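Engineer: need the 3D shape of this:
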Amino acid sequence: MNHQLIIKSLLRNQKVFEELLSGITKEEYLWKDRPNRWCLLEIVCHLYDEEKEDFRKRTKHILDTPDKNFEPIDPEGWVVNRAYIKQDYNVVFNNFIEERKASINWLNSLENTNWNNVSIHPDLGEMTAKQFLSNWLAHDYLHFKQIAKLKLDYIKYLSKEDFSYAEGD
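Structural biologist: Here you go, the predicted model:
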């Protein structure tokens with residue numbers, strides 16, 4: 001896949017995140033149907049941290065210093081260690097959008113980039129910068145799916161309606 005197409009998609013996805021996640025009530029962004037499931041606040045915190053500490057940083061790492069080891073990250077542990085549930089939703093959401101803008105600006109500033117640079121991921125082995133960029137985009141889409149499912153479950157919870165018509169079978 002062409003890196004420019006991925007960058008344009010990441011920019012477009014910023015707008016999708018803004019539409020999906022802005023104007024959310026506190027009740028909605030804290031709601032979860034079971035304790036081990038992330039609420040919208042936790043998802044937004046995760047997106048923010050991943051934007052600045054994972055995808056942008058690691059893509060830059062592969063491009064600039066592919067022979068060095070990655071700094072370890074702990075996205076699952078961050079949920080508890082960084083007290084996601086106690087964060088201010090609107091602040092974190094705005095921070096995420098600003099980080100996405102910074103990512104797009106950085107990506108658009110790159111010239112003569114070797115997207116085939118390879119670095120060794122501690123769990124997945126060899127990965128190219130292009131793979132990281134592609135996975136960054138995939139990460140967005142996986143969270144769109146997660147957010148849509150959570151929003152659907154929330155409206156089911158609120159309305160107590162039968163959704164078999166909308167769901168098909």
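
Engineer: going forward, measure contacts and count neighbours with C-alpha atoms only.
Structural biologist: Noted.

Engineer: which ones are touching N114?
Structural biologist: N114 makes contacts with 63, 129, as judged by Cα atoms under 8 Å, 6 or more residues apart in numbering.

Engineer: so which bits of the longest helix seen in the chain are buried?
Structural biologist: The helix that spans the most residues within the chain, counting by DSSP state H, is helix 129-159. The neighbour-count check on helix 129-159 (16 or more other Cα atoms under 10 Å) flags 129-134, 136-137, 140, 143-144, 146-147, 150-151, 154 as buried.

Engineer: check stretch 108-127 too.
Structural biologist: Quick answer for stretch 108-127 (16+ other Cα under 10 Å): 115, 117-120, 127.

Engineer: in strands only, show me these.
Structural biologist: Using DSSP state E, the subset of the buried residues of stretch 108-127 located in strands is 118-120, 127.

Engineer: before we move on, what SS does the residue with the shortest distance to the centre of the chain have?
Structural biologist: For the chain, L47 is the residue whose C-alpha lies nearest the centre (Cα atoms, centre = their mean; 3.7 Å). At L47, secondary structure determined by DSSP: H, G, I helix; E, B strand; the rest coil is helix.

Engineer: any idea of the mean pLDDT for stretch 18-31?
Structural biologist: Mean per-residue pLDDT for stretch 18-31: 97.

Engineer: how about stretch 82-95?
Structural biologist: The pLDDT scores in stretch 82-95 average 97.

Engineer: right, I'll leave it there.
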